[in-house]
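Trainee: need a structure here:
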Amino acid sequence: MRSRVVTSEREIRSNVTSFDADIEVGFQILKDQFRSRVELHHPNRHIVARCVQSNVVDGLETFWSFIPRENDTTEVVCRLSVTICDPLKATALSSIFSHMAKAQMRAFEKEIEQRSSKRPIHSSV
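Mentor: Reported below is the predicted structural model:
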């Protein structure tokens, strides 16, 4: 999985900023590149990313929620919803979909660890 921000962050509503990112996902011969619109909802501590341009995906939405917990920890919840256009690709991708979700979570954890020197992140994925 690779990603690249392609637009500057901009305020779209009070306490909500947005930017677009190009993302490449897939395994072996099943790959897709698509553009996502990412919304950062500041006071509610969540992020929503929706696919806005793809040749393979009809719908793709990722929802991240950050819930403060005790001892300076944060619970991270991720929900992923996807609709694939081609039935053959949908069947093939369904067998590797959980791997894609785990890869996304590992990439997120790695980014957080690089930004924070407090302690390592422990995942239940």
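Trainee: any weak-confidence spans in the protein?
Mentor: Counting by pLDDT under 70, the chain has low-confidence residues at 1, 26-30, 93, 95-98, 100, 115-125.
Trainee: so which helix or strand takes in the residue nearest the centre of it?
Mentor: Residue closest to the average C-alpha location in the chain (C-alpha atoms, centre = their mean): Thr62, at 5.2 Å. Assigned by DSSP states H and E, Thr62 belongs to strand 57-69.
Trainee: Using PDB, write out every CA atom in that strand.
Mentor: Taking Å, rounded to 0.1, in the frame of the first residue of the first chain, the C-alpha atoms of strand 57-69 are listed here in PDB:
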ATOM      1  CA  VAL A  57     -14.100   0.200  -6.700                       C
ATOM      2  CA  ASP A  58     -17.700   1.400  -6.700                       C
ATOM      3  CA  GLY A  59     -17.500   2.500  -3.100                       C
ATOM      4  CA  LEU A  60     -14.800   2.600  -0.500                       C
ATOM      5  CA  GLU A  61     -15.000   4.300   2.900                       C
ATOM      6  CA  THR A  62     -12.700   4.100   5.800                       C
ATOM      7  CA  PHE A  63     -13.700   5.500   9.200                       C
ATOM      8  CA  TRP A  64     -11.100   6.000  12.000                       C
ATOM      9  CA  SER A  65     -12.200   7.000  15.500                       C
ATOM     10  CA  PHE A  66      -9.800   7.900  18.300                       C
ATOM     11  CA  ILE A  67     -11.100   7.500  21.900                       C
ATOM     12  CA  PRO A  68      -9.100   8.700  24.800                       C
ATOM     13  CA  ARG A  69      -8.600   6.100  27.600                       C
END
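Trainee: Which residue is the nearest non-sequential neighbour of the residue nearest to the centre of the chain?
Mentor: Ala49 (4.5 Å; C-beta to C-beta, 6 or more residues apart in numbering). C-beta: built from backbone N, CA, C; applies to glycine.
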